[in-house]
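K.L.:
based on what follows, work out the 3D shape:
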Amino acid sequence: MPDRLNDDSLADLPEGIRRPAYDRRALKTGIVHLGVGAFHRAHQAVYTDDVLGQDPRWGIVAASLRSPDTYDALQPQDGLYTLSVRSQDGEALRIIGSIRRVIVAPRATEDLLDAMADPQTRIVTLTVTEKGYCHDPATGALNEAHPDVVHDLAYLKTPRSAPGFIVEALRRRRRAGIPPFTVLTCDNLPSNGRTVKRVLTRFAELVDPDLGRFVADQVSCPSTMVDRIVPATSDQDRERIGQALGVEDAWPVVTEPFTQWVIEDRFPQGRPAWEMAGAEFVADVEPYEHMKLRLLNGSHSTLAYLGYLSGYETVADTMADPAFVRLIEGLMDEEVTPTLHMPPGADLSAYKRALIARFKNPALKHRTWQIAMDGSQKLPQRLLGTVRDRLQGGASIARLSLGVAAWMRYVTGIDEKGAPIDVRDPMATRLRELADRAGPSADALAGALFAVREIFGDDLPKDPRFTGAVTANLARLYERGAKRAVAEFAAE
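P.N.:
Numbering: from 1, shown residues only. This next block holds a predicted model:
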């Protein structure tokens with residue numbers, strides 16, 4: 001298949017393939033996005049694509065802060081790629097054109113800073129994952145000892161981190177008299193807008209106290225809630241989609257029909273009319289954020305660790321086991337839902353039913369190993385926030401503690417058959433060293449991991465209701481294995 005998807009090949013695509021409904025040559029850059037991964041391309045870039053026909057000022061310059069892989073795939077395609085929406089009913093293909101160009105930050109640092117400092121750029125969006133904010137997940141504060149933070153404070157003009165790029169661009173805009181852009185995070189952080197504002201303000205203070213006050217007073221960081229399941233693209237996906245298009249697409253993205261974006265409406269320099277594409281603008285995102293982080297993400301992580309240990313490759317495989325369905329339904333209904341406080345009209349029962357159906361979708365090959373990545377960064381907001389609320393109310397954490405115990409068992413790096421686990425986590429080396437010293441003892445392993453303050457804070461390790469429940473479940477996983485432990489939980 002010699003031909004490549006690009007602007008020239010658009011007109012020759014088969015009928016039934018949806019294409020951009022606007023003149024891409026007329027696009028201006030209004031958004032710079034940091035972290036151009038699959039999720040952004042299946043979510044925010046799609047919402048933007050939907051509204052560019054009405055307003056072409058909001059084209060996207062997308063940057064990778066680390067790997068050149070996305071650039072190498074998309075730049076020869078003029079930024080175009082295929083969105084594949086898959087369900088039990090089949091597959092719908094659509095070409096997304098909202099990304100005007102791609103930058104690899106380490107190769108073109110000044111190019112990216114110029115784009116962010118350009119007066120036309122009025123929003124900087126981020127999907128850099130939890131670890132990309134260089135913060136302490138337990139406190140939400142900037143980790144001032146983080147190697148990238150140390151580097152960026154010493155070399156302001158050649159940053160490596162997302163906070164470093166944002167603060168340097170804001171510094172240049174302030175010096176030039178250009179109003180600051182809005183910073184819109186789309187990552188799963190607790191109170192994500194406020195967390196990012198705290199991180200950026202502190203970083204700016206360390207550069208210059210006046211710059212810190214400017215960021216604190218002038219930079220808007222709305223909170224958001226994003227929701228769409230986006231598995232990693234496989235070679236089989238590329239082959240299938242290429243056959244349907246009649247041209248090669250080096251990096252399509254595959255996703256589910258469901259999508260949701262809830263945003264606090266605080267954009268001093270303007271924004272796209274994303275509500276025309278289905279986004280919901282609200283005064284306070286926090287109830288929706290808790291709903292999604294605790295019900296979807298908390299369940300996802302629990303499924304990932306227990307499912308992987310049970311030998312299940314994907315979430316759909318895991319949810320084909322009725323015991324896992326009962327476990328997750330119990331987790332949602334009995335332990336998570338009582339901690340949520342939703343505004344009038346929000347239908348939690350319908351949302352939970354939809355989650356179960358989404359988890360069961362066999363058309364999505366969402367690997368448990370993929371979801372299990374970066375657990376040290378995810379655990380505090382996905383499970384431990386709920387744990388704290390439950391303990392404060394004197395309520396049970398039986399299923400929540402099983403999820404935490406499964407994470408502990410997973411990060412030992414050895415599965416139930418003695419085979420190695422490829423643990424991808426910024427703290428993987430430290431966690432593995434702790435596990436190796438503890439050995440296959442639930443008491444020793446739990447005690448060692450509880451001492452990781454960045455994850456568990458100072459309070460949970462001192463609460464015997466938490467430590468006792470997690471240690472007991474970890475012992476159960478060692479003695480019975482994950483699959484049997486889940487079956488026993490489901491039967492209780």
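K.L.:
all strands for the chain, in order.
P.N.:
29-34, 59-64, 81-87, 90-96, 99-104, 123-126, 182-185, 224-227, 253-255, 260-264, 280-282 (DSSP state E).
K.L.:
how far away is residue 258 from residue 237?
P.N.:
19 Å (C-beta to C-beta, to the nearest Å). Using the backbone N, CA and C atoms, a C-beta is placed for each residue, glycine as well.
K.L.:
okay, these two: which has more neighbours?
P.N.:
Between residue 258 and residue 237, residue 237 has the larger neighbour count (other C-beta atoms under 10 Å), namely 21 against 15.
K.L.:
can you pull the contacts of the more buried one?
P.N.:
Going by C-beta atoms under 8 Å, 6 or more residues apart in numbering, residue 237 touches 84, 252, 254.
K.L.:
got the contact list for the nearest residue to residue 269 once chain neighbours are set aside?
P.N.:
Nearest non-adjacent residue to residue 269, counting by C-beta to C-beta, 6 or more residues apart in numbering: residue 122, 3.8 Å away. Applying C-beta under 8 Å, 6+ apart to residue 122 gives the contacts 30-31, 181-182, 267, 269-271.
K.L.:
picking up where we left off before, mind putting the strands of the chain in a markdown table, mean pLDDT, distance to residue 19 and mean neighbour count included?
P.N.:
Formatted as a markdown table, the strands of the chain follow (pLDDT from 0 to 100; distance: least, C-beta to C-beta, whole Å; neighbours: other C-beta atoms under 10 Å):
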| stretch | mean pLDDT | distance to residue 19 | mean neighbour count |
| --- | --- | --- | --- |
| strand 29-34 | 98 | 21 | 25 |
| strand 59-64 | 98 | 16 | 25 |
| strand 81-87 | 96 | 10 | 22 |
| strand 90-96 | 96 | 5 | 16 |
| strand 99-104 | 97 | 15 | 21 |
| strand 123-126 | 98 | 24 | 24 |
| strand 182-185 | 98 | 27 | 24 |
| strand 224-227 | 95 | 25 | 22 |
| strand 253-255 | 97 | 16 | 25 |
| strand 260-264 | 96 | 23 | 20 |
| strand 280-282 | 94 | 27 | 15 |
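K.L.:
nearest to residue 218, out of those?
P.N.:
With C-beta to C-beta, the closest approach to residue 218 among these belongs to strand 182-185: 10.7 Å.
K.L.:
can you list the strands that that closest one pairs with?
P.N.:
Note on strand 182-185: by DSSP bridges, its sheet partners are strand 123-126 (parallel).
K.L.:
the strand it pairs with: how far from the chain's middle?
P.N.:
With C-alpha atoms, centre = their mean, to the nearest Å as the basis, strand 123-126 stands 14 Å off its chain's centre.
K.L.:
ok, residues contacting it?
P.N.:
For strand 123-126, contacts defined as C-beta under 8 Å, 6+ apart pick out 30-35, 40, 44, 58, 116, 132, 162, 166, 169, 181-187, 196, 267, 269, 271.
K.L.:
could you do stretch 243-255 as well?
P.N.:
Stretch 243-255 is touched from outside by 1-5, 9, 12-14, 17, 38, 41-42, 69-70, 72-74, 76-77, 81-86, 93, 228-231, 233, 237-238, 241-242, 364, with contacts defined as C-beta under 8 Å, 6+ apart.
K.L.:
do that again at 7 Å, thanks
P.N.:
1, 3-5, 9, 13-14, 17, 38, 41-42, 70, 73-74, 77, 81-86, 93, 228-231, 233, 237-238, 241-242 (C-beta atoms under 7 Å, 6 or more residues apart in numbering).
K.L.:
can you check stretch 331-346 too?
P.N.:
Residues outside stretch 331-346 that contact it (C-beta under 7 Å, 6+ apart): 287, 290-291, 294-295, 298-299, 302, 348, 352, 386, 389-390, 395-397, 399-400.
K.L.:
now, those residues that are in helices?
P.N.:
Per DSSP state H, helices hold the following members of the contacts of stretch 331-346: 287, 290-291, 298-299, 302, 348, 352, 386, 389-390, 399-400.
K.L.:
residue contacts, the closest residue to residue 65 other than its chain neighbours?
P.N.:
Spatial nearest neighbour of residue 65, excluding adjacent residues (C-beta to C-beta, 6+ apart): residue 105 at 4.8 Å. Remark: with contacts taken as C-beta under 7 Å, 6+ apart, residue 105 is in contact with 63-65, 112.
K.L.:
would JSON lines of the strands of the chain with distance to residue 425 be doable?
P.N.:
Shown next, in JSON lines, are the strands of the chain (distance: least, C-beta to C-beta, whole Å):
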{"stretch": "strand 29-34", "distance to residue 425": "21"}
{"stretch": "strand 59-64", "distance to residue 425": "20"}
{"stretch": "strand 81-87", "distance to residue 425": "28"}
{"stretch": "strand 90-96", "distance to residue 425": "31"}
{"stretch": "strand 99-104", "distance to residue 425": "24"}
{"stretch": "strand 123-126", "distance to residue 425": "20"}
{"stretch": "strand 182-185", "distance to residue 425": "21"}
{"stretch": "strand 224-227", "distance to residue 425": "22"}
{"stretch": "strand 253-255", "distance to residue 425": "24"}
{"stretch": "strand 260-264", "distance to residue 425": "27"}
{"stretch": "strand 280-282", "distance to residue 425": "33"}
